[in-house]
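K.L.:
Fold the following, please.
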Amino acid sequence: MGASAVKGFGATPNRSQPATQARHDHNGSPSPPFRRNRDVYTSGLPPELSILGVMIGMMLLFEVLGWIFVGQSFIANPLRLKIMILQEAEIGIIAVGVTQVIIMGGIDLSSGSVVGMTAMIAASLAQVAGYSHAIYPSLTGLNPIFPVAAGLVCGLIVGLVNGWLIAFTKIPPFIATLGMMVSARGLAEWYTNGRPIGNLTDSFAAIGSGWWPVIIFLAVAFVFHIALRYTRYGKFTYTKSHGV
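P.N.:
From the prediction side, this is the model:
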């Protein structure tokens, strides 16, 4: 074996050459040295627009189905749209909080049940004065601020319990919030003895009537948009999502 062959067999790669070299695909044409997510090159649109496109597609689908099976428009029905917007506003308020949990890599299955439980507690403090079958006969006719505050405090306590279980006992968020979901449902049924709470004051009932749910949802969404985008809380939330 010649000296040149021995030298070539034991030669080490040239460290002075650049680490990145042009690669070629199966057709022989050069490909980019650094290829990231294909979506970056195929579409410059934000993912939110993709979700909006799906929603528009669903609306058009139900519009066609409405004319086929009912003979009515799905989109151009003012009463139906109003009912849907009012119902989705309540879900939107819940989604604002759950979104922040998901951003940080967690999950909360108890949000809907906690809303039901806190609503029962708030309603029990908002019954009209003189109602003989009130849950708290001595606490009827209160200013709506007190029932609302009671519901918020109960929701805060539940959130602290969930956070403590997840942070200090290392229970997975799925298991912890699943247990809280069942517990909140049981507490609501025990608190009301399985009966609805009625005879609410007009001032308290006005919070959930008309367009107030939509206004509250937009206000909550705006506040947390500012908090997530321009405050240290938002930076911490997105940093936590990357495991930093």
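
K.L.:
Please count neighbours and contacts with C-alpha atoms only from this point.
P.N.:
Noted.

K.L.:
Residue ranges in this structure under the pLDDT threshold?
P.N.:
1-44, 241-244 (pLDDT under 70).

K.L.:
try it again with 80
P.N.:
Residue ranges of the chain with pLDDT under 80: 1-45, 47-48, 240-244.

K.L.:
just the strands in it please.
P.N.:
23-24, 30-31 (DSSP state E).

K.L.:
Show me which helix runs longest in this structure.
P.N.:
Longest helix of the chain, by residue count under DSSP state H: helix 78-103.

K.L.:
Packing partners of it?
P.N.:
helix 111-124, helix 212-230, helix 232-241 (3 or more CA pairs under 8 Å, 6 or more residues apart in numbering; DSSP states H and E).

K.L.:
Can you check what angle separates the first one from helix 78-103?
P.N.:
Note on geometry: by axes from the mean of the first three to the mean of the last three CA atoms, to 10 degrees, helix 111-124 and helix 78-103 are set 120 degrees apart in direction.

K.L.:
contacting residues around helix 111-124?
P.N.:
Helix 111-124 is contacted from outside by 94, 98, 134-136, 147-152, 154-155, 158, 181-182, 184-185, 187-188, 191-192, 197-198, 200, using CA atoms under 8 Å, 6 or more residues apart in numbering.

K.L.:
How about the shortest one?
P.N.:
In this structure, residues lying in contact with helix 232-241 by CA under 8 Å, 6+ apart are 100, 103-105, 227-229.

K.L.:
rerun that using 7 Å as the cut-off
P.N.:
Helix 232-241 has contacts (CA atoms under 7 Å, 6 or more residues apart in numbering) with 103-105, 227-228.

K.L.:
ok, back up a step: in a markdown table: the helices and strands packed on helix 78-103, plus mean neighbour count.
P.N.:
Below are the helices and strands packed on helix 78-103 laid out as a markdown table (neighbours: other CA atoms under 10 Å):
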| stretch | mean neighbour count |
| --- | --- |
| helix 111-124 | 21 |
| helix 212-230 | 15 |
| helix 232-241 | 14 |
